[in-house]
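Asker: coordinates only, sequence not included:
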């Protein structure tokens, strides 16, 4: 029984999925983030190996005919030293097929549709939109990283939550649900402690405050309502930037924010702006595994069950 494997390696987590050529799921694995822009390359590669080991547990890795790694930060593998770390992780998992690396955008788009053309918007720890033609990303918007981009992402949400809290503290205003949750999560009692707690952590750690925005949104917190609405508009702007006004090809939304209030607002924003189907998908590893199956069987490869 021949197998294929797909991985979705993001800034927060890495997921691996093993399929047979009928699309049946045979194994899956989960590990920490493997974006070499967010983590030391050796750590990122180790997470790839960990996810693969879990997914292939009990299976014959020699029967894997094709494997696709969908990865945020895929361009870093242009560095031979970093590429070597990832190839070593691949081989440690017992894989003998080539490791085909695609962007997380290409894997994400394939998760939502078998159409070869369209738009994908990844809204997770970071954010990026891609124009897809023939299953390949031929144009992009966003994806600049936490320092100069990632508008509307989980990182952006977390940063805005902290900023909103600091504004209220500066004004000595009554603290609503979001602000009190941010202080509690940071283990801080006031302005100075919050600033120190945030700056003592790696920047990407701001994403941990993103779930607090969703929770406060459901309780009607005004700061959370504003942040969610703004995030959806920014993400829709990112997606719109890679589409022409007459484009009717599908839009696939994927990432950790898609099942949150941001995702709900985002879908409605895009339906208002675009004459296109908007598909909400949440499993980039399935798209990567399907692309691996396409490498073996062609475009008629069964979709993951």
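Answerer: Okay, I see it. Quick caveat: nothing in here was measured; it's all calculated off a predicted structure.
Asker: Show me what the lowest-mean-pLDDT helix or strand in the chain is packed against.
Answerer: Confidence across the helices and strands of the chain bottoms out at helix 104-112, with a mean of 90, counting by mean pLDDT, DSSP states H and E. Counting contacts by 3 or more Cβ pairs under 8 Å, 6 or more residues apart in numbering; DSSP states H and E, helix 104-112 packs against strand 3-9, strand 64-71, strand 118-123, strand 127-133, strand 136-142, strand 251-254, helix 284-297. Placement of C-beta: from N, CA and C, glycine included.
Asker: For the nearest residue to residue 203 once chain neighbours are set aside, pull up the helix or strand it's in.
Answerer: Once flanking residues are discounted, residue 203 sits nearest to residue 146: 5.2 Å by Cβ to Cβ, 6 or more residues apart in numbering. Per DSSP states H and E: residue 146 is located in neither a helix nor a strand.
Asker: burial of residue 146, as a residue count?
Answerer: 20 (other Cβ atoms under 10 Å).
Asker: And the one 5 residues further on, by the same measure?
Answerer: When counting by other Cβ under 10 Å, one arrives at 19 neighbours for residue 151.
Asker: got it, and residue 115?
Answerer: That count, for residue 115 with other Cβ under 10 Å as the rule, works out to 15.
Asker: three-state assignment of it?
Answerer: Assigned with DSSP: H, G, I helix; E, B strand; the rest coil, residue 115 falls in the coil class.
Asker: what's it sitting at in phi/psi?
Answerer: phi -60, psi 140 (degrees, to the nearest 10).
Asker: Name the nearest residue to it, sequence neighbours excluded.
Answerer: residue 250 (5.5 Å).
Asker: Run a quick neighbour tally on that neighbour.
Answerer: With other Cβ under 10 Å as criterion, residue 250 counts 19.
Asker: Per-residue pLDDT of it, please?
Answerer: What the model reports as pLDDT for residue 250 is 97.
Asker: Quick check, it in contact with residue 114.
Answerer: No. At 10.0 Å, residue 250 does not count as touching residue 114 under the criterion of Cβ atoms under 8 Å.
Asker: Buried by neighbour count: which residues of stretch 234-249 qualify?
Answerer: 234, 235, 236, 237, 238, 239, 240, 242, 243, 247, 249 (16 or more other Cβ atoms under 10 Å).
Asker: What helix or strand is the second one located in?
Answerer: Taking DSSP H and E as the definition, one finds residue 235 inside helix 222-240.
Asker: Residues in contact with that helix: which ones?
Answerer: 119, 121, 123, 127-129, 141-142, 151-153, 156-157, 160-161, 164, 168, 176-179, 213-217, 251, 257, 261-262, 265-266, 268-270, 273-274 (Cβ atoms under 8 Å, 6 or more residues apart in numbering).
Asker: quick revisit: dump the helices and strands packed on helix 104-112 into TSV; add distance to residue 207 as well.
Answerer: Output for the helices and strands packed on helix 104-112, formatted as TSV (distance: least, Cβ to Cβ, whole Å):
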stretch	distance to residue 207
strand 3-9	16
strand 64-71	18
strand 118-123	12
strand 127-133	11
strand 136-142	16
strand 251-254	16
helix 284-297	17
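Asker: show me what contacts the residue nearest to residue 115?
Answerer: Counting by Cβ under 8 Å, 6+ apart, residue 250 has contacts 112, 113, 115, 118, 119, 276, 277, 278, 279.
Asker: how much space between it and residue 226?
Answerer: 30 Å (Cβ to Cβ, to the nearest Å).
Asker: before we move on, what about residue 159?
Answerer: According to Cβ to Cβ, residue 159 stands 14 Å off from residue 226.
Asker: ok, now which ones touch residue 256?
Answerer: Residue 256 touches 12, 123, 124, 125, 154, 210, counting by Cβ under 8 Å, 6+ apart.
Asker: ok, and what's touching the least confident helix or strand of the chain?
Answerer: Contacts of helix 104-112 (Cβ under 8 Å, 6+ apart): 6, 8-10, 68, 70-72, 74, 118-120, 122, 128-130, 132, 135-137, 140, 250, 252-255, 279-288, 290-291.
Asker: Repeat that for stretch 277-287.
Answerer: By Cβ under 8 Å, 6+ apart, the list of residues contacting stretch 277-287 reads 6-8, 10, 15-17, 28, 70, 104, 106-113, 250-255, 258-259, 263, 267, 270-271, 304.
Asker: what's the spacing between the helix holding residue 235 and its chain's center?
Answerer: Relative to its chain's centre, helix 222-240 lies at 17 Å (Cα atoms, centre = their mean, to the nearest Å).
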